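J.: have a look; sequence and predicted model below, questions after that.
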Amino acid sequence: MMDDRIKEHLKRLNKYYLTLLEIQKLEKETFMQEDLYRASSERYLQIAIESCLNIGNRLISLYQFKKPVDTPETYADIFIGMQKLGVFDDDFGQRLVKMAKFRNRLVHLYWEIDAETLYRFIKNDLEDFKLFEKNIVEYLNKNPL
């Protein structure tokens with residue numbers, strides 16, 4: 001049985017992902033010209049990444065006694081801890097670490113994120129959210145509490 005908090009965050013993550021997919025359909029020119037699309041992209045990316053972080057934090061708290069993992073001190077540490085638990089491989093773990101750092105830029109250095117970078121993320125990296133979800137579900141199925 002899946003933990004209720006993780007289940008709720010997975011539902012939210014899927015909702016945010018579906019919204020980002022709608023934005024992904026936009027032509028580049030439309031995306032670049034409309035502040036509303038860029039601003040909503042920033043926000044939905046932020047909360048989608050935060051959903052992944054919340055899931056990771058919960059997972060670490062539930063499984064840290066089965067396989068010792070350090071208490072995360074940064075958002076990147078959450079994904080590193082999940083990697084140590086065996087939730088996903090090193091390559092995907094490193095992509096998620098970059099995602100955590102991107103989240104920090106969205107929140108704390110938002111003025112430094114140019115529209116081109118944001119557009120590339122929307123076009124090229126959204127499937128990481130589905131891969132994250134797949135890895136979580138597989139891990140929970142293989143490692144019941």
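T.: Thanks, I have it.
J.: tell me who's in contact with the residue nearest to the spatial centre of the chain.
T.: Closest residue to the average C-alpha location of the chain: Ile49 at 3.2 Å, with CA atoms, centre = their mean. The neighbours of Ile49, taking CB atoms under 8 Å, 6 or more residues apart in numbering as the test, are Met99, Ala100, Phe102, Arg103, Leu106. (C-beta placed from N, C-alpha, C; glycine too.)
J.: next up, the contacts around the nearest residue to Tyr16 once chain neighbours are set aside.
T.: Nearest residue to Tyr16, sequence neighbours excluded (CB to CB, 6 or more residues apart in numbering): Ala48, at 4.0 Å. By CB under 8 Å, 6+ apart, Ala48 lies in contact with Leu13, Tyr16, Tyr17, Leu20, Phe129.
J.: wait, the third one sits on Leu131?
T.: Spelled out, it's Tyr17. No. Using CB atoms under 8 Å, Tyr17 is not in contact with Leu131, being 11.0 Å away.
J.: tell me which of those two has more neighbours.
T.: Tyr17 (20 against 13; other CB atoms under 10 Å).
J.: picking up where we left off before, what helix or strand does the residue nearest to Tyr16 sit in?
T.: Counting by DSSP states H and E, the element that carries Ala48 is helix 35-63.
J.: buried residues in that helix, which are they?
T.: 37-38, 41-42, 44-60, 62-63 (16 or more other CB atoms under 10 Å).
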